[in-house]
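In: Sequence and predicted model, in that order:
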Amino acid sequence: MARHAVEANFDGLVGPTHNYAGLSWGNVASKSNVHAVSNPKEAALQGLAKMKRLADRGYVQGVLPPHERPHLPTLRALGFEGTDEQVLRAAAENHPSILAAVSSASTMWTANAATVSPSADTADHRVHFTPANLSAKFHRSIEHRVTGRALKAMFADDAYFAHHPALPSVSQFGDEGAANHTRLCNGYGDPGVELFVYGQVAFNEQAPAPKRYPARQTLEASQAIARLHGLTDRNAVFAQQNPDAIDAGVFHNDVIAVGNGNTLFYHEMAFLDEGRVLADIRSRLTGAELEAVRVSRDQVPLEDAVASYLFNSQLLNTPDGMMLAVPGECREIDSVSRYLDDLVSGPGPITSVEVFDVKQSMRNGGGPACLRLRVVLNDDELNAMHPGVLMTDALYQRLTTWVEAHYRDQLSQEDLGDPMLLEEVRKALDELSGILGLGSIYDFQL
Ligand SMILES: NCCC[C@H](NC(=O)CCC(=O)O)C(=O)O
């Protein structure tokens with residue numbers, strides 16, 4: 001008999017240095033908003049409002065803390081010396097691009113924090129976590145150590161939870177975490193099928209690959225994660241992303257597909273070999289029939305899918321079907337808005353659509369799905385995890401007050417070298433570790 005389990009969603013709390021630095025070549029929004037002035041306070045409040053709304057609807061909602069940025073240990077490792085102020089000044093004056101990279105609040109996109117396999121799928125029946133090395137982008141490659149610490153603090157009991165270090169940080173093992181990983185299942189507590197989507201085969205130069213933009217995830221990385229998590233051919237499927245989609249700005253699979261339960265919602269351009277992917281899932285899925293909700297180019301052109309982030313939505317169970325939690329931009333693009341109206345009035349599994357305003361994050365290429373890490377937990381595992389990070393009315397109030405007290409309402413590239421900003425961040429994060437009860441996870445606290 002399957003255990004009762006829930007899908008808990010852990011959203012990344014937006015950090016106080018949220019800014020638009022244009023760091024992600026291949027991510028259209030990041031490039032087109034380069035050097036716009038950001039509003040970190042609004043960004044964090046938008047994220048908290050999303051978490052609160054979903055928690056109020058009865059979903060298990062948690063929060064992952066932001067990291068210390070600018071990250072002084074990285075600047076020191078790159079040879080910047082002296083007091084913190086001197087290090088910051090030297091970086092700001094001589095290497096503003098490096099300072100921007102170590103100042104990114106990119107840990108908000110927790111779909112890239114880790115890959116998580118639920119205990120119903122793994123050989124040792126524990127929940128397995130591997131933080132993503134994010135080696136494709138320097139600003140993101142510095143996330144995994146602190147992410148690993150936070151995940152260990154939240155899921156500490158090794159009777160239930162297994163933590164692996166990130167894969168080797170080289171392009172051959174480029175790993176972007178759950179953004180390229182979807183689980184199909186009957187009930188959450190039933191054994192499922194884990195779909196790993198990769199952009200490129202690293203050790204075969206002849207294999208199909210994008211021409212314009214980088215493929216961030218390799219097959220070899222996905223296979224390594226599956227091995228580490230104790231998955232087998234019976235419950236893991238590996239599928240190549242369509243290289244043309246990557247070249248059109250689909251830098252992660254979660255920009256073009258999302259799955260929940262027995263349903264895979266995807267664009268026809270998502271996979272290199274769509275027929276094989278569906279057949280591989282169907283032959284492994286037990287207890288349920290796969291519902292493939294396919295969106296054609298005629299319904300939604302690929303560029304509209306990328307601009308609206310239609311597929312970067314959360315697909316959530318409701319009492320009478322499934323709800324698609326979409327970013328506001330989906331209602332601003334005609335083809336997408338029309339498609340959504342048809343979708344919910346049709347016979348398929350997706351029965352409602354709700355709009356979430358995460359514009360500050362969207363302008364860096366992060367929609368509702370990028371902002372959350374899914375962790376399927378059975379009742380014992382939910383009881384065993386650290387409860388201080390789970391969203392309640394009280395935690396929402398505390399975090400909102402905390403953001404109001406510590407965050408700026410505008411931030412430009414010039415502000416990143418301000419020593420006051422670093423001080424504000426450390427003070428805020430020190431207080432936050434207390435609020436969340438996670439202990440010391442930041443370098444400045446060790
Ligand atoms: N899953 C969504 C990730 C978005 C993220 N954007 C960024 O890092 C842009 C940051 C900037 O350009 O300032 C990325 O591309 O990895």
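Out: Right, received. Where do you want to start?

In: hmm, the lowest-mean-pLDDT helix or strand in the chain in reach of the ligand?
Out: Least confident helix or strand, the chain: helix 28-32 with a mean of 93, by mean pLDDT, DSSP states H and E. Yes - using CB under 6 Å from any ligand atom, we find that helix 28-32 touches the ligand at residue 30. Just so you know, the C-beta spots here come from the backbone N, C-alpha and C atoms, and that holds for glycine as well.

In: right, and the helix or strand after that helix?
Out: Heading C-terminal from helix 28-32, the first helix or strand you meet, by DSSP states H and E, is helix 40-56.

In: What average pLDDT does the helix or strand that that next one is followed by get?
Out: Per DSSP H and E, helix 40-56 leads on to strand 61-64 as the next helix or strand towards the C-terminus. Strand 61-64 carries an average pLDDT of 98.

In: Could you list the buried residues of the helix or strand that comes right after strand 61-64?
Out: Where DSSP H and E defines the elements, the next helix or strand beyond strand 61-64 is helix 72-77. Using 16 or more other CB atoms under 10 Å as the test for burial, helix 72-77 gives 72, 74-75.

In: Give me the contacts around the least confident helix or strand of the chain.
Out: Identification of contacts with helix 28-32 by CB atoms under 8 Å, 6 or more residues apart in numbering yields 20, 22-25, 249, 306-307, 362-365.

In: follow-up on the earlier one: and which of the buried residues of helix 72-77 is nearest the ligand?
Out: The ligand lies nearest to residue 74 out of these, by CB to the nearest ligand atom, at 15.4 Å.

In: if we can go back for a sec, list just the nearest of the buried residues of helix 72-77 to residue 338.
Out: For those, the residue nearest residue 338 by CB to CB is residue 74; the value is 45.9 Å.

In: Leaving out sequence neighbours, find the closest residue to that closest one.
Out: residue 102 (4.8 Å; CB to CB, 6 or more residues apart in numbering).

In: Show residues contacting the strand or helix carrying that neighbour.
Out: Using DSSP H and E, residue 102 falls within helix 96-103. Helix 96-103 is contacted by residues 17, 19, 21, 23, 69-72, 74-75, 78, 88, 91-92, 138-139, 142, 413, 416-417 when judged by CB under 8 Å, 6+ apart.

In: now the residues you listed: which count as buried?
Out: Judged by 16+ other CB under 10 Å, buried ones among those: 17, 19, 21, 23, 69-72, 74-75, 88, 91-92, 139, 142, 413, 416-417.

In: of the residues you listed, list those near the ligand.
Out: Counting by CB under 6 Å from any ligand atom, the members of these near the ligand are 21, 23.

In: Mind checking what helix or strand follows the host helix or strand of residue 265 in sequence?
Out: Using DSSP H and E, residue 265 sits in strand 263-267. Next along the chain after strand 263-267, taking DSSP H and E as the criterion, comes helix 274-284.

In: That next one - contacts with which helices or strands?
Out: strand 193-198, strand 236-240 (3 or more CB pairs under 8 Å, 6 or more residues apart in numbering; DSSP states H and E).

In: how does it look with 6 Å?
Out: Using 3 or more CB pairs under 6 Å, 6 or more residues apart in numbering; DSSP states H and E, the elements in contact with helix 274-284 are strand 236-240.

In: Please identify the buried residues of the least confident helix or strand of the chain?
Out: Going by 16+ other CB under 10 Å, helix 28-32 has these buried residues: 28-31.

In: Repeat that for stretch 378-393.
Out: For stretch 378-393, a neighbour-count test (16+ other CB under 10 Å) marks 378, 381-382, 384-386, 388-391 as buried.

In: Report pLDDT for the residue nearest to residue 74.
Out: For residue 102, the model assigns a pLDDT of 98.

In: And it, how close does it get to the ligand?
Out: Distance, residue 102 to the ligand, by CB to the nearest ligand atom, to the nearest Å: 12 Å.

In: and the residue nearest to residue 9 when sequence neighbours are not counted, bridged to which residues?
Out: Nearest residue to residue 9, sequence neighbours excluded (CB to CB, 6+ apart): residue 372, at 4.4 Å. Bridge pairing for residue 372 (DSSP bridges) gives the partners residue 11.

In: Which positions in the stretch 51-200 of the chain make contact with the ligand?
Out: So far as CB under 6 Å from any ligand atom goes, the stretch 51-200 of the chain lies against the ligand at 104, 106, 109, 111-112, 137, 140, 179.

In: Quick one: these as CSV, columns for neighbour count and distance to residue 402 too.
Out: Putting these into CSV (neighbours: other CB atoms under 10 Å; distance: CB to CB, whole Å) gives the following:
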residue, neighbour count, distance to residue 402
104, 29, 21
106, 28, 20
109, 29, 21
111, 27, 24
112, 30, 24
137, 24, 28
140, 23, 25
179, 26, 28
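
In: hang on, residue 377 is in a strand, isn't it?
Out: Yes - applying DSSP: H, G, I helix; E, B strand; the rest coil, one finds residue 377 inside a strand.

In: OK, contacts around it?
Out: Residues in contact with residue 377 (CB atoms under 6 Å, 6 or more residues apart in numbering) are residue 8.

In: again, 7 Å this time
Out: Neighbouring residues of residue 377 by CB atoms under 7 Å, 6 or more residues apart in numbering: 5-6, 8, 127, 385.

In: Next: residue 51.
Out: Counted by CB under 7 Å, 6+ apart, residue 51 has contacts 11, 61, 63, 391.

In: if you set the cut-off to 6 Å instead, what comes out?
Out: Applying CB under 6 Å, 6+ apart, we find residue 51 in contact with 11, 61, 391.

In: now do residue 258
Out: Contact analysis of residue 258 by CB under 6 Å, 6+ apart lists 265, 311, 313, 315, 369.
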